[in-house]
Structure formats: structure tokens, C-alpha cells
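Chemist: Dropping a prediction and its sequence here:
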2 protein chains.
Amino acid sequence: MEASTCKQDLLQKKKNAVLVDGVILNGPITDSKAGGKFVEEACKIIMEEIIQKADDVTEKLASSLLVYPMYPSLVNRDQHSVERASSHVHSVTACFSSIFSDHPRFFNQLYAGIDYYSLVARFITEALNPSVYTYEVSPVFLLVEEAVIKKMIEFIGWEEGDGIFNPGGSVSNMYAMNLARYKFCPEIKEKGLSGLPRLVLFTSEECHYSMKKAASFLGIGTENVYFVKTDESFKSVSRRGKMIPEELEKQVQRARNEGSAPFLVCATAGTTVLGAFDPLDKIADICEKHDLWLHVDASWGGSALISRKHCRLLHGIQRADSVAWNPHKMLLAGIQCCALLVKDNSDLLKKCYSAKAAYLFQQDKFYDVSYDTGDKSIQCSRRPDAFKFWLMWKALGTTGLEERVNRALALARYLVEEIKKREGFQLLLEPEYANVCFWYIPPSLRKMENGPEFWQKLHQVSVT
Amino acid sequence: MEASTCKQDLLQKKKNAVLVDGVILNGPITDSKAGGKFVEEACKIIMEEIIQKADDVTEKLASSLLVYPMYPSLVNRDQHSVERASSHVHSVTACFSSIFSDHPRFFNQLYAGIDYYSLVARFITEALNPSVYTYEVSPVFLLVEEAVIKKMIEFIGWEEGDGIFNPGGSVSNMYAMNLARYKFCPEIKEKGLSGLPRLVLFTSEECHYSMKKAASFLGIGTENVYFVKTDESFKSVSRRGKMIPEELEKQVQRARNEGSAPFLVCATAGTTVLGAFDPLDKIADICEKHDLWLHVDASWGGSALISRKHCRLLHGIQRADSVAWNPHKMLLAGIQCCALLVKDNSDLLKKCYSAKAAYLFQQDKFYDVSYDTGDKSIQCSRRPDAFKFWLMWKALGTTGLEERVNRALALARYLVEEIKKREGFQLLLEPEYANVCFWYIPPSLRKMENGPEFWQKLHQVSVT
């Protein structure tokens, strides 16, 4: 383009400009070409610096922390150029790889490794930026969520049910607690807990800490979580950490004698520390006898349902009223991917959670509004977390997921045998899941007497 | 490699195989080369089918729904090949673009358009899959969160404060409600609400529906949300939808007379439907007088704080005790990106939310454990949502974000003027924010008398 044409063009544009409050409305919003290029280049860096290094054990798992203070420097008024932002991506990626969670030797408490399919699904949903409250804005993502929930329910062993993906196992447990309360006394939704007898729930002393958080958040109070003893004492090698059904029965009786109102038992399938599975069948008997809601926190252990070899760990789960299950843990669907599943199929979730906002959930839409999930949720905007699990499941098949579970448990088995052979290592218990609990006893402590000082020093070893 | 060497190699491998429970532990876990290639190809498709089409008005915003039923078909046992999975990505993307939320003409209730920087940040965090509960697993993401919260607090006008990114405006409001309750009576955390007087909170009749959800979830009860009248009646053109301070005063008195316990006022800065801003200064006066926690739900309106021109809409916000603000709305940081900000700097968040899980939040770690945020949160695993806002802010500068806000409001202004000129359109009120509320009256209704039948028919027009 020649200079004169260019100038004419600019003048023409200026003439046609729609100016409101000092903003040219028909001017460029954003340089979409440069933006696209930036994304493209960033994708290359992400590929080279993260994805392609994910199988390389020679890469550093944790690099120096010294670079950190440079980063979260203050945001300032100046607009940086695209080039400048691109260089940020470079440094940020390099910096973040200091804790490289995709590294073959990175082991979080409950996840490790990378799944390429769920990753692609996450890229797709990030690029599309949908929200799944109504069918009209996210039709396919909602159908996918429905399909995945149906399939998960099948693995639990229910004939029908309902469910919702939500932001974590802790939140899933809150959902279940509130649902059990609603079932116990629907008026609480409107009237609240004031003036009512004390509601009491039961869970094992090895349960996830979210039980206490949930009881406090929901206004029930942490003191009204009655912790049930688990089998064997803390430092015994044979300890399993499973809820003792007879102790549960005792606690329920205690609550009844106190005049409080027991409403819920939260069993755990795969405790966080020991990987213990509560005896669901026996617990279900007690729940039936006392008419208590049975919730199973299978956030961690639920994935074993996929394995024909290991699903027996959750024997009896089909008797639960609700189940929390996080595919983002052992199945590697990526944080966050968590479902609360509910056996009830009479729209209990919707009855319990609805607020019936007129601007969003009109009942006279042009489609079947039962597809709108917003009134089943404590959220309004909600991420399509089911989609990454769906694509991964599609790609790997159930056998692929099953292999993932079987492999994790076989690795744990192998580690146990190695620990037994190795001097200075002491196994805490024979695991039944992927948690391997052991002490490393450094040479300086190996001859020390087993007493408070020994344990204090040993604890120091594990936290540093 | 020759065939014989290859065979030898395989035999050698077989000989060295570590076999546990039928799983070859040192065999390949996943084909990382094929996986990497799959991600690379998927990135190309995402670039071509989504990112590069984001500025093209000629693209379809909503394509036929007919293809849907093909998709969420059942997951089956077979393992699909990488090629097969790749073709899924093709079809899924094509299918999802049926609601193409990046399209220049896609307008959600509260967001529209694409931001390239936050998108890249999202790709990075998805690829790294971190969780931000402790500093040791996510040091930089936590520092970034701290820096962003500090900056947001500066825009609110507080000298200090605290905060946490969480999964949505609704959840932010729940956080605030629980925090206000804790401040009002810390014992509720342990004891629960049973036996206590009725706790009562106040919010405008135009507030977000999450207030009712929160009151129900937290065991307070929806009936204990006292709705305060807003100015002008529903169908008046001059209606603004702002909370009337005198009416708030009356409701507080009513609650006191009833013997219940008022503890919280939730003002709204940017109501969902009308975009109204409650008069914060006057409401703060009442809160001070009655010793009530003031929470401002600025999930939608908070972004105006970034604009020197429009921040006056939130005049008085510095007097609030807590603020919910979602950068995923007008600022386009991508769903989900929501902060709850708290004026208190005495660790109230941590005191209120801590469960002190021994396995995660040891107090004797090798670093300053005040960086661990897990005990400020209702979640355990948590996404690094602050990071995308940080990178976007870094790249665009405050001026870039400011332009985004100014432009949105100028566009609303322009639309209002066009509506006034156009036959068959009736403006509901002069907007002060980006919400433009109007009726489209089709020719068949234009001569009809204003009565119940007219409104019923008009309503039908807007939902179909």
C-alpha cells in the first residue's frame, strides 16, 4: 500500500469513527493477528518446555528457588507489547518448571504424571471458555456431563441416579452433607438450623479433613462430627485405619442418648494418609437400621471401581446414598475433575439446591429445561470438568483406565517389597491401595531407643 | 535397526521385566511420543478452528444442533488408537463451535470475547497441572496469587487485607457469609447454629440468587435473608434497582424487634439483571451504626474499579469488610477467576477456615508456612486461577484493562441511543453499567393495550 492511499484510508476511518465517551467503538478492539501469533508461539514453548519434557527423567524436578522473587513483581500501568508478554511466557514457564508436576518422578499426595487426552480436552475448553449452567449456552458439554455421570453410576452399581461435577472432593463432601440434611429435614433449607436439635454426623478418625470444614461451613459445627475409632492403634504395623462398625453403632447410640439428631454417616473409600477402605457393607447395615444417609467419600479410592481386580475394595458401595469420586487423582484427568453422585432419582439435588433465578432458569424455554444444571449446583458459572474425563475415557477405553489403576497398585506392591529389603526403612502397614506409609530412619537414629525423643527426631526427618 | 538386533533387544527387555500382579512395571506406561504428537496436532486444530476464527464475524455463532446426539455416545471398553482420538478432537471441536463463545457476536450475560494472554496462562497451568494448597507444591503460583490479591486490594482502597481465589462469585459470597458469621460468633465453627437465635442477613431484592443458595447451604435458611426494597417499581423506566438505605434500616429494626440476630449486610455492586450499584456509603453508615459486617458482591461490578472514569460507581467500597470480584467477567480472564477479598489482616480467613490437617499443613516445615493457603480455603486441591489474571494484567497493563471497561460501557451507551431511535424497542431504564435492559415489541403487539395479556405475550418473545 502506498503512503498516500494509507493516509486517505486513515482519514476515511476517522470520518466514520463512532465515538462514545472518548472510545472509538468501531476501532480495533484487540490485535487478533498478533494475539493469535502469541498463542501459537506460547503453544510451541509449552510443547517444548513442558509436554515434551514430561517423560524425561534427566530433567530437573525442582530447580533453584532463587529466581522466584523476580516474578510476582507488581503490575504496572504501562501496556506491554506482545513481544514483551511473549518473553514473560518464556520466563514464567522456565520458572514454574521449578516444580515440574508432569515429571516422571513427581509424586503428589494423590496424583502424578500427565494424560495427553485430558490435556487436549482442557486446552479445548479453555479456548472455548464455556460455562455449564444452562443447556442453551453449553448444550454438548452438558450432554457429555450427563453421559459421564451415567457411566460412573454404572460402575458404582446403581440402576439410576444423578450427579454434578464440582470444584473438588471437599466441596463434593459438602454437597453430600447438605443433601443428607435436606433429606432428613427439608425445612432446614428455608428455616435454617436455629432452634433445632443438634444434628450429628459420623465419620472415621482417619477421614479427610474436609469433613470438619464441611460441618463448620454448613453451620453444623465441628463438635457435631463424631469420630469413629478405626482398627488398631496408630503406630502398630498391622494397623489398617478402617472404621470399626461396632464403634459406629456405639456413637450413634451415644448421639441418640444425648437427644441429638443423627442424620449422616460418611464412610471413606481410600483414606488420605493410609489408603484404608471402610467396611461399606457393615456400615450400610447400621445406616439402614438407624435410617441414616450413607455418603462414601471415594474421592481417592473411587478409581478402583474401574479395575475388575481391585473394585472389591469398595464392596458394598452400591448401598451408599451418595458418593464423591475424583477422576483427577489416580485416573489423571487433571485438576479439577470431581463428581458427586447421588442414588436418588427424584430430583433431590435440584430440590435441595434450587434458587430458581428468573433471569436464568425460565421454565418456559424452547427446550427441555431438565437439561439446565444450574439449579443443582452451589455455583452459577461452572467449568465443563466432565469433558476432559470423557475424552480421556473415549481415547483410552475402560481397559486403559483399568491398566492405570492396576499399574499404580502394582507399583505400590513393588515399593513395599523393596522397603522390606532395605536397611533403615520401616513399613508402617501392608497397604491395600496405592498409599505406602513408611519411615526412613537415618543411620544416626537406628540404634536409638524407641521413645518420645526418637519419634520427635524421626518426624523432623520427614518434614525436611 | 536390524530385525535380529530388535528381537534380541525385546528378549533382553522381557528378561529384565519386573512383573508384579500381572503388570510389567518397567514397561512403557504411555507412548509419550505419540502423546506429544497428539497434543501438538490438537493445538493446531484449536488454533485453526477456534483461536483464529475468534475475530471473524462471518463465522457461524450457532450451528445446527443436529450433530449433537452423535457425541456423548457411550464410553466403551475398547482402547482407541491415538489416530482415532485425534479424529474425536476434530469432531468435538467442530461440534462445540455450535455455541462459539469466542465469536465477536457472542454475548453471555456477563462475558464475551477472548483474551490471548489469559488464554496462554490457562494453557500453561493446564499443562503443569498444579494445585495451590501449599507453598512447597506451588511456590510461584502462590506468590502470584498474593501479588494479585494485594493489587486488587489497592484498587478497593484498603491499606491491607487478605483474600483467596475460589471457584466463583457464588462461592465467594458463601465465604463472606461464613466469615461474617465467624466474626459475629466464633463458637459457631465448633458448636454449630443449633440452639442459637436466628441469624439474619440483609440484601437487596435485586441481589444475585447465590445469596439464597448461600443462606441455605450454610444452615442459616433462606427465610432469614431479609430482602431490602430497591428504588422505583418494576416496570418504571426510571427504575434503578438500588437498595434503599432507609428500607435497610427498617429491616434491621424489624429483625431486632423479632429477637433475631442481624450479622451481615450484602450490598451489590452491579446487579445481575439491571447492573445497579447499591449506595455503599450510606449502607456502610448503617452497618457501622448496627455493628454489621458489610460484604459487597462486586462479582460483576468490581471491574469498574480499574477505570478511573467509572470507579465512582463503587464509591464507598473501601468501607466494606469483604468484597467478591470476578475478573472472569468484564475483564475476560476466563472462567473461573474469582477472588474473595477481606479487609481484616489478623488472619481471620485462616482462623475461620482452618482444619489443621496434620498430613498437609505441618507447622514445622522448612519455610514460612504462612504461605500455605490450604487452611484459608474450603477446598483442598485448588486451581491457580490468579495466574491468568496476573499474566493478562502484566501484558495489557492497567491501562489495557481500563480500556476494556471503558469500551464495554461506551458500547452500552451506544446501544441505548440506537434503541431509542428504533421503532419497536422500549428501553427499561437508563443504564449506569454495561447491562442494557429493553423490550423488543414485535409489530403484532405494538398496537395492543398494556395489560396482562400484552406482558404475557411479550415475555414469550424474549424467551423464544
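Modeler: Now that the structure is in, tell me what you want to look at.
Chemist: For the rest of this, base every contact and every neighbour count on C-alpha atoms.
Modeler: Will do.
Chemist: what about chain A, any weak spots by pLDDT?
Modeler: A:1-14, A:27-29, A:60-100, A:107-109, A:233-239, A:463-464 (pLDDT under 70).
Chemist: State which strand of it is the longest.
Modeler: strand A:261-268 (DSSP state E).
Chemist: what about residue A:139, distance to chain B?
Modeler: According to CA to the nearest CA, to the nearest Å, residue A:139 and chain B sit 8 Å apart.
Chemist: sorry, back to before: quick one: is the longest strand of chain A near chain B?
Modeler: No: using CA under 8 Å from any CA of the partner chain, we find that strand A:261-268 stays clear of chain B, coming within 10.8 Å at best.
Chemist: and that strand, how far from the chain's centre?
Modeler: Chain-centre distance of strand A:261-268: 21 Å, with CA atoms, centre = their mean, to the nearest Å.
Chemist: Check which helices and strands that strand sits against.
Modeler: The contact analysis (3 or more CA pairs under 8 Å, 6 or more residues apart in numbering or on different chains; DSSP states H and E) places strand A:261-268 against helix A:169-184, strand A:199-204, helix A:245-257, helix A:280-290, strand A:293-297.
Chemist: Reformat those as CSV; add mean neighbour count and distance to chain B.
Modeler: Shown next, in CSV, are the helices and strands packed on strand A:261-268 (neighbours: other CA atoms under 10 Å in any protein chain shown; distance: least, CA to the nearest CA, whole Å):
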stretch, mean neighbour count, distance to chain B
helix A:169-184, 24, 6
strand A:199-204, 25, 8
helix A:245-257, 17, 15
helix A:280-290, 18, 22
strand A:293-297, 28, 14
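Chemist: Which residues are in contact with the spatially most central residue of chain A?
Modeler: Centroid check for chain A by CA atoms, centre = their mean gives residue A:168 as the closest residue, at 3.5 Å. Counting by CA atoms under 8 Å, 6 or more residues apart in numbering or on different chains, residue A:168 touches A:326, A:336-339, B:379-382.
Chemist: Just name the closest of those to residue A:371, please.
Modeler: Distance to residue A:371 across the contacts of residue A:168 (CA to CA) is lowest for residue A:339, with 17.1 Å.
Chemist: residues contacting that closest one?
Modeler: Residue A:339 neighbours (CA under 8 Å, 6+ apart): A:149, A:163-166, A:168-169, A:172, A:324-326.
Chemist: if we go to 7 Å?
Modeler: Going by CA atoms under 7 Å, 6 or more residues apart in numbering or on different chains, residue A:339 touches A:163-166, A:172, A:324-326.
Chemist: got it, and residue A:51?
Modeler: residue B:36.
Chemist: where's it relative to residue A:387, distance?
Modeler: 20 Å (CA to CA, to the nearest Å).
Chemist: Kindly report the same for residue A:305.
Modeler: The value you get for residue A:305 to residue A:387, if CA to CA is used, is 20 Å.
Chemist: what does residue A:462 give?
Modeler: 38 Å.
Chemist: ok, now residue A:190?
Modeler: Counting by CA to CA - residue A:190 and residue A:387 are separated by 34 Å.
Chemist: In the stretch 1-150 of chain A, what residue spans correspond to helices?
Modeler: Remark: helices assigned in the stretch 1-150 of chain A by DSSP state H, counting those that start in this stretch are A:3-16, A:32-49, A:82-96, A:116-128, A:139-156.
Chemist: Helix, strand or coil: sort out residue A:439 for me.
Modeler: strand (DSSP: H, G, I helix; E, B strand; the rest coil).
Chemist: Would you agree it is in contact with residue A:423?
Modeler: No: counting by CA atoms under 7 Å, residue A:423 is not a contact partner of residue A:439; they are 11.1 Å apart.
Chemist: Kindly list the main-chain dihedrals of residue A:25?
Modeler: Residue A:25 adopts backbone torsions of phi -70, psi -30, taken as degrees, to the nearest 10.
Chemist: Make sure it is actually in contact with residue B:404.
Modeler: No: counting by CA under 7 Å, residue A:25 stays clear of residue B:404, with 11.3 Å between them.
Chemist: the more surrounded of the two?
Modeler: residue B:404 (22 against 17; other CA atoms under 10 Å in any protein chain shown).
Chemist: helices or strands next to the helix or strand harbouring that one in the packing?
Modeler: Using DSSP states H and E, residue B:404 falls within helix B:386-421. Secondary-structure packing of helix B:386-421 (3 or more CA pairs under 7 Å, 6 or more residues apart in numbering or on different chains; DSSP states H and E): helix B:116-128, helix B:139-156.
Chemist: Next, the buried residues of that helix.
Modeler: B:386-414, B:416, B:419 (16 or more other CA atoms under 10 Å in any protein chain shown).
Chemist: Endpoints of stretch A:343-352, how far apart?
Modeler: 14 Å.
Chemist: starting at the chain centroid, how far to that stretch?
Modeler: Taking CA atoms, centre = their mean, one finds stretch A:343-352 lying 22 Å from the centre of the chain it belongs to.
Chemist: Please identify the buried residues of it?
Modeler: Residues A:343, A:348-352 are the ones in stretch A:343-352 that count as buried (16+ other CA under 10 Å).
Chemist: can you tell if that stretch touches chain B?
Modeler: No: judged by CA under 7 Å from any CA of the partner chain, stretch A:343-352 makes no contact with chain B; its nearest approach is 8.9 Å.
Chemist: which residues touch that stretch?
Modeler: With CA under 7 Å, 6+ apart, stretch A:343-352 has contacts from A:158, A:160-162, A:179, A:182, A:321-322, A:375-376.
Chemist: Same question for stretch A:122-136.
Modeler: Counting by CA under 7 Å, 6+ apart, residues outside stretch A:122-136 touching it are A:138, A:141-142, A:371-374, A:380-384, A:388, B:46, B:50, B:100-102, B:119, B:122-123, B:126, B:334-335.
Chemist: likewise stretch A:290-300?
Modeler: Residues contacting stretch A:290-300 (CA under 7 Å, 6+ apart): A:169, A:173, A:176, A:180, A:263-270, A:284, A:287, A:320-326, A:329.
Chemist: Thanks a lot, see you next time.
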